[in-house]
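Engineer: test case, fold it:
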Amino acid sequence: MWTAGASGGLAVLILLALAVYDPTHAPPLLGGALLVAISTWMVARQRPVSEQTSTTPVNDTHADARAAGQSALLDEVFETVTDPMLVVRGGEPDDMAGRRILLANKAARDLLRIPREGAILVSALRDPGLLEAVDEALFGGVSRETDFDSGGVQARHWRAVTRPLPRSDDEALALVMLRDETDVRRMELMRVDFLANASHELRTPLASLSGFIETLKGHAREDSVARDRFLDIMAAQAERMTRLVADLLSLSRIELNEHVPPSGHLDLGRATTDVVDALSVLTRDHGVKIEVTAPDEAVRIKGERDEIVQVIQNLIDNAIKYSPRDGRIEVEIRSGLTPAAAAAARMPGAARLPLLTPDRDDGLTYAAVTVRDHGPGLSREHLPRLTERFYRVEGQKSGDRPGTGLGLAIVKHIVNRHRGGLLVESLPGEGAAFTAFFPLSKRPAVTEPLTV
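Structural biologist: This next block holds a predicted model:
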């Protein structure tokens, strides 16, 4: 006998087949399949006992088996949908604590860190606009789409779709579907920021190049000494523009993927040694000596090797630029640290400021790399702005290798992507120390190939 459950199951299968056949319309088709599935489940729960016993025992057995199979299929569909989905129970309209999550799929449980059933809605989702949309679906029968940003260090942008569901046991129900639109939003911001920064910072070197070209075409045409000097300056300006564009592109790529945690693993000590070796020519030219202190055993962290190398290189490069000739740079690696120990002071009496603090996770231990120079140091008022784009401290020169003002901004965003922290300490006349720390890897250590 054809039942409501069979009709619902057939409708779900048809919608799933259409989603596979036409991937461009897969999200609404999957949402429709889930709505049909939940509606069918609600109808099946409300069937009167007399209706369930009106057929013969043999038919009851087949119907029960068929219903159990359909229920298992619907549950599997609900669990495997990659977008977080919640079924919310209303309670009393004026009781916010009564809004409870009746069902949450795996994606929602992983995102919100809640159980499958019974969690309080306001403790899982705290955005006022989203909670208002849920109330409108529960008690007003209104469907809405709401945008909101999640909290935490790695902010993510979400679009929430709220839909009313048929009442169950005289309780209002609503479906909440979350769609991650962080990539789209970050792409838009990346384009805007890149154009704004490039147009602002490239204006000075372009004006300089234009002025020198005009001079060379005019009265300095036959002046070989002036021509050579102007050409050297123009080459330096062109090199600065190249570095600026490269750093802007690098920063944009990092910001675009900042919410995506890294999947690789590396030895922090080996990465630091490779950076020191790569900068040996630069340190020799500046007459600077680098001293590295690290544990004997491998310090394994979870991260992308290229980005971690970029962090260490930017910190050491900054230390070289601000170190006096015949100066000394100290690089220290520590392992097995709590967040408090990783961010502990390394320069007694110095001004100290956390530039980035990771989200609290009691189960994590960290490895830290500290780079300290013995240069002029920084005044306390400059510390909060060090990771801003293009921020430069007045009165301090970068020597023969002027930077783009993006190095520490790149460091901060890479460390943030790796769920780590960043700390600066400085004492005028005594130098500065930067500490970046990263979560230790829980994967067994693997011997890395030597870098050639």
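Engineer: what pLDDT does the closest residue in space to Arg159 that isn't next to it in sequence get?
Structural biologist: In space, and not counting its chain neighbours, Arg159 is closest to Arg179: 4.7 Å by C-beta to C-beta, 6 or more residues apart in numbering. C-beta coordinates here come from the backbone N, C-alpha and C atoms, glycine included. We have a pLDDT of 89 for Arg179.
Engineer: which secondary structure state does Arg179 sit in?
Structural biologist: Following DSSP: H, G, I helix; E, B strand; the rest coil, Arg179 is assigned to strand.
Engineer: list the contacts of it.
Structural biologist: By C-beta atoms under 8 Å, 6 or more residues apart in numbering, the contact list for Arg179 reads Pro27, Asp83, Trp158, Arg159, Ala160, Val161.
Engineer: so what secondary structure elements neighbour the helix or strand containing Glu307?
Structural biologist: Taking DSSP states H and E as the definition, Glu307 sits inside helix 305-322. When contacts are defined as 3 or more C-beta pairs under 8 Å, 6 or more residues apart in numbering; DSSP states H and E, helix 305-322 packs onto helix 268-278, helix 280-286, strand 328-337, strand 366-372, helix 407-417, strand 431-439.
Engineer: show me what counts as buried in the fifth one.
Structural biologist: By that I understand helix 407-417. Across helix 407-417, burial judged by 16 or more other C-beta atoms under 10 Å covers Gly407, Leu408, Ala409, Ile410, Val411, Lys412, His413, Ile414, Val415, Asn416, Arg417.
Engineer: cool, the third one as well?
Structural biologist: If you call a residue buried by 16+ other C-beta under 10 Å, then strand 328-337 has these buried ones: Ile329, Glu330, Val331, Glu332, Ile333, Arg334, Ser335, Leu337.
Engineer: again, but for the first one
Structural biologist: By neighbour count, and taking 16+ other C-beta under 10 Å as the criterion, the buried residues in helix 268-278 are Leu268, Gly269, Arg270, Ala271, Thr272, Thr273, Asp274, Val275, Val276.
Engineer: so which of those residues is the closest to Thr204?
Structural biologist: Thr204 has its nearest neighbour among those in Val275, at 30.4 Å by C-beta to C-beta.
Engineer: that closest one against Asp317, yeah?
Structural biologist: No: using C-beta atoms under 8 Å, Val275 is not in contact with Asp317; the gap is 9.1 Å.
Engineer: lowest-confidence entry in the buried residues of helix 407-417?
Structural biologist: Gly407 (85).
Engineer: grab the nearest non-local neighbour of that one.
Structural biologist: Here the residue nearest Gly407, using C-beta to C-beta, 6+ apart, is Asn314, at 4.3 Å.
Engineer: next: Leu440.
Structural biologist: In space, Leu440 is closest to Thr365, 5.0 Å off (C-beta to C-beta, 6+ apart).
Engineer: and if you look at Asp267?
Structural biologist: Nearest one to Asp267, counting by C-beta to C-beta, 6+ apart, is Ala298 at 4.7 Å.
Engineer: now swap in Arg419 and tell me
Structural biologist: Nearest non-adjacent residue to Arg419 (C-beta to C-beta, 6+ apart): Pro358, at 5.3 Å.
Engineer: what's around the one you found, how many residues?
Structural biologist: Pro358 has 23 neighbours, counted by other C-beta atoms under 10 Å.
Engineer: change the start of the numbering to 3 and stick with it
Structural biologist: Noted, 3 is the first residue going forward, which turns the last one into Pro360.
Engineer: checking it next. Helix, strand or coil?
Structural biologist: Per three-state DSSP, Pro360 ends up coil.
Engineer: any idea how far it lies from Gly289?
Structural biologist: Noted for Pro360: a distance of 37 Å to Gly289, by C-beta to C-beta, to the nearest Å.
Engineer: could I get stretch 172-186 in CSV with only the CA atoms?
Structural biologist: What follows is stretch 172-186, C-alpha atoms only, in CSV (Å, rounded to 0.1, in the frame of the first residue of the first chain):
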residue,chain,number,x,y,z
ASP,A,172,1.7,21.5,19.1
GLU,A,173,5.2,22.9,19.1
ALA,A,174,6.5,25.4,16.5
LEU,A,175,9.4,24.1,14.4
ALA,A,176,11.8,25.9,12.1
LEU,A,177,14.7,24.8,9.8
VAL,A,178,18.0,26.8,9.9
MET,A,179,20.5,26.3,7.1
LEU,A,180,23.9,28.0,7.2
ARG,A,181,26.0,28.7,4.1
ASP,A,182,29.6,29.8,4.4
GLU,A,183,30.2,32.8,2.2
THR,A,184,33.5,33.8,3.6
ASP,A,185,35.4,33.2,0.4
VAL,A,186,33.1,35.4,-1.6
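Engineer: now that stretch: buried residues?
Structural biologist: Ala174, Leu175, Ala176, Leu177, Val178, Met179, Leu180, Arg181, Asp182, Thr184.
Engineer: try stretch 86-104
Structural biologist: Pro86, Met87, Leu88, Val89, Val90, Arg91, Gly92, Gly93, Arg101, Arg102, Ile103, Leu104.
Engineer: in those, find the pair that's most separated.
Structural biologist: Top of the distance list for those (C-beta to C-beta): Pro86 and Gly93, 21.6 Å.
Engineer: tell me where the stretch 53-202 of the chain has helices.
Structural biologist: 59-82, 108-114, 123-126, 130-141, 184-203 (DSSP state H, counting those that start in this stretch).
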